[in-house]
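> Have a look; sequence and predicted model below, questions after that.
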Amino acid sequence: NAGVTQTPKFQVLKTGQSMTLQCAQDMNHEYMSWYRQDPGMGLRLIHYSVGAGITDQGEVPNGYNVSRSTTEDFPLRLLSAAPSQTSVYFCASSFRASSGNTIYFGEGSWLTVV
Amino acid sequence: GQQVMQIPQYQHVQEGEDFTTYCNSSTTLSNIQWYKQRPGGHPVFLIQLVKSGEVKKQKRLTFQFGEAKKNSSLHITATQTTDVGTYFCAGPKGTGNQFYFGTGTSLTVIP
């Protein structure tokens, strides 16, 4: 019962470095998304995908790129990390790209940019 | 900006007291979901409300969807230490391809 798997769990980056947060789900879900969680801000949607080959921007997309080459994988790329990107990142998926479907979250990735 | 707001942001209660968090949207929602996140954990789905005025119960938790489908509430009766965590509401935007979460209410239960 893997569900949504995120790696790495913890990462420290220097300003300007790039990295990719990996996300994979084994539930054959159409919809995948990335959120960031900051104190007092709740969960904010970064990017989402309604299926392989289709991605779109959420509330806070700047500084992040995504791709969806397969149904299972939805990596999040930070091209040039900034301290403002220090946050907890959650990958999530749901069965269909329509409202009313339960969202399943990964365990989270704690990212610190120094 | 944030489409869905929650109040209060923080709540401390004595064990056994009741707790309520409120979720308000500026637009009508087709449905609303509630999630719980334990400290250090990830959000976990609790329930979904779809109908105007709908009320659902899960043991000590009561969820309500407003008549206008713009607000919702979660009420916990006689809190326990296991209720500690942050409670989020979430609603779809537009066609539903995007889910927006409320700012969350962090509940602390004092034994």
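Nice, I can see it.

> The longest strand seen in chain B and chain A, any residue contact?
In chain B, assigned by DSSP state E, the strand with the most residues is strand B:85-93. Yes - judged by CB under 8 Å from any CB of the partner chain, strand B:85-93 and chain A are in contact via B:88, B:90-92. Just so you know, the C-beta spots here come from the backbone N, C-alpha and C atoms, and that holds for glycine as well.

> Among these, which one lies nearest to chain A?
B:Pro92 (3.4 Å; CB to the nearest CB).

> Look up the residues forming beta bridges with the closest one.
B:Phe99 (DSSP bridges).

> Just give the number of residues close to it.
20 (other CB atoms under 10 Å in any protein chain shown).

> my read: it touches B:Phe99, true?
Yes - counting by CB atoms under 8 Å, B:Pro92 touches B:Phe99, with 5.7 Å between them.

> Now render the residues of strand B:85-93 next to chain A as a markdown table, adding pLDDT.
A markdown table is the format used below for the residues of strand B:85-93 next to chain A (pLDDT from 0 to 100):
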| residue | pLDDT |
| --- | --- |
| B:Phe88 | 96 |
| B:Ala90 | 92 |
| B:Gly91 | 87 |
| B:Pro92 | 83 |
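
> residues in contact with the spatially closest residue to B:Lys51 that is not a sequence neighbour?
The spatially closest residue to B:Lys51, leaving aside those adjacent along the chain, is B:Phe65, at 6.8 Å (CB to CB, 6 or more residues apart in numbering or on different chains). B:Phe65 is in contact with B:32, B:49-55, B:72, counting by CB atoms under 8 Å, 6 or more residues apart in numbering or on different chains.

> so which of those residues comes closest to chain A?
Of the contacts of B:Phe65, the one sitting nearest to chain A (CB to the nearest CB) turns out to be B:Val50, at 6.9 Å.

> State the number of residues packed around the closest residue to that closest one other than its chain neighbours.
Using CB to CB, 6+ apart and skipping residues adjacent in sequence, the residue nearest B:Val50 is B:Asn31, 4.6 Å away. Using other CB under 10 Å, B:Asn31 is surrounded by 19 other residues.

> And for B:Thr62?
Neighbours of B:Thr62 (other CB under 10 Å): 16.

> Low-confidence bits of chain B, can you list those?
B:1-2, B:94-97 (pLDDT under 70).
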